[in-house]
Each structure stands twice: as C-alpha cells, then as structure tokens.
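Undergrad: curious how this folds, go ahead:
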Amino acid sequence: MRKLKLDELNRASVEEFKAQDKLPVAVVLDNVRSMHNIGSIFRTSDGFAVNQICLCGITAQPPHREIEKTALGATNSVNWQYFETPVQAVEHLRTEGYTIIAIEQAENSTMLNTFTPEPGKKYALIFGNEVNGVSDEVMQQIDACIEIPQFGTKHSFNIVVSAGIVLWDFYVKIVYSS
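TA: Okay, the predicted model is just below:
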C-alpha cells in the first residue's frame, strides 16, 4: 500500500472551504486555557467542516503563534468569533436556532452512543476548561448534555480527544443518515 501525496488528497482551498456546505454544528470553547488545544480544535473543526467556533472567556484568539502550531492554517478556514463569556455565546447561538449541548459528565446526561441528532437541526457543542469542565453558569443554560462513555481509570478525555470523538460521531450520524 502506498501513502497518498499531499497533492493527491484533493483538499479544498480556503475559498472553496468557506463556500461549501458545513456540518450544522458550532463548537463552543468555554474558557479553554491551552493554546495547543485551541489550535487542535480548529484543525479538527476544519476536518469535519463545522459551521463555526465560538471562543469564550480566557480562550485565546488567533492570530497567535502557539495556536497556529497545531491549527496549521485552520484559523483561516473555520469561521470563528469571540465572546467575553460562554453564556453570551450560548445566548447568541440560541437566537441563531442552535440546540445547546454541553459535552460533560453530569446527572442525567445522555451517552454519546445513544444520542441521535435530528435532521435539519443545528447544534452548539460546548467543550469546557481542561480542569473545571463546562462552567456552572453554562450548565444552567443547556438543552441537553452528552457524555462520552469511558471504561478506564481516568476521569476524562483530553478536550481535543473529546472534540474529535464527538465531532466524528455527529458527522457520521448527520451526513450518513441524510
């Protein structure tokens, strides 16, 4: 088996990416502190063609060299905006018709493997701070909470791993069920 060369991957240009249909998902970063995590989520969001990223609170904003180390240019392709608080982002996304979902371990959460996105709906997926998770203020504003099943000894996945798992799951369930 031969690995494909970059020019064989037929990737969209930034202009083509911006014009193409997007996954009806907004990623909300609730006070994410690591710029490498922020950049990696930009890159993952580009890979799944998410509609937008909302950066909130202490979450750093592009352009920044430390974000770019892992984003590898995805800060130019993925639409993003900054909000002073994650609650402001939630309020804004709600007015745009998004269903607000925290990705968190919480009472009465729905396991990711049993959640089915509804066709035609838009979803805002909130990923929290690396230590404290999704803020309590935001947890009071959500429509639902999704939890990623885990089977080991650790309490949680890294935020980038969580974003990759959830975005892939939503991509498969939305794109392949249409």
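Undergrad: which SS state does the residue most central in space within the chain fall under?
TA: The chain has V27 as the residue nearest its centroid, 3.3 Å off, counting by C-alpha atoms, centre = their mean. Here V27 is recorded as strand under DSSP: H, G, I helix; E, B strand; the rest coil.
Undergrad: who does it form a beta bridge with?
TA: I53, L125 (DSSP bridges).
Undergrad: please look at it and L55 and confirm they touch.
TA: No: at 9.4 Å, V27 and L55 do not qualify as touching, with contact defined as C-beta atoms under 8 Å. C-beta coordinates here come from the backbone N, C-alpha and C atoms, glycine included.
Undergrad: confidence score at S177?
TA: With respect to pLDDT, S177 scores 82.
Undergrad: so it makes contact with D169?
TA: No: applying C-beta under 8 Å, one finds S177 not in contact with D169, separated by 11.7 Å.
Undergrad: just want to know which of the two has more residues nearby.
TA: D169 (16 against 9; other C-beta atoms under 10 Å).
Undergrad: mind checking how far M139 is from I126?
TA: According to C-beta to C-beta, to the nearest Å, M139 stands 9 Å off from I126.
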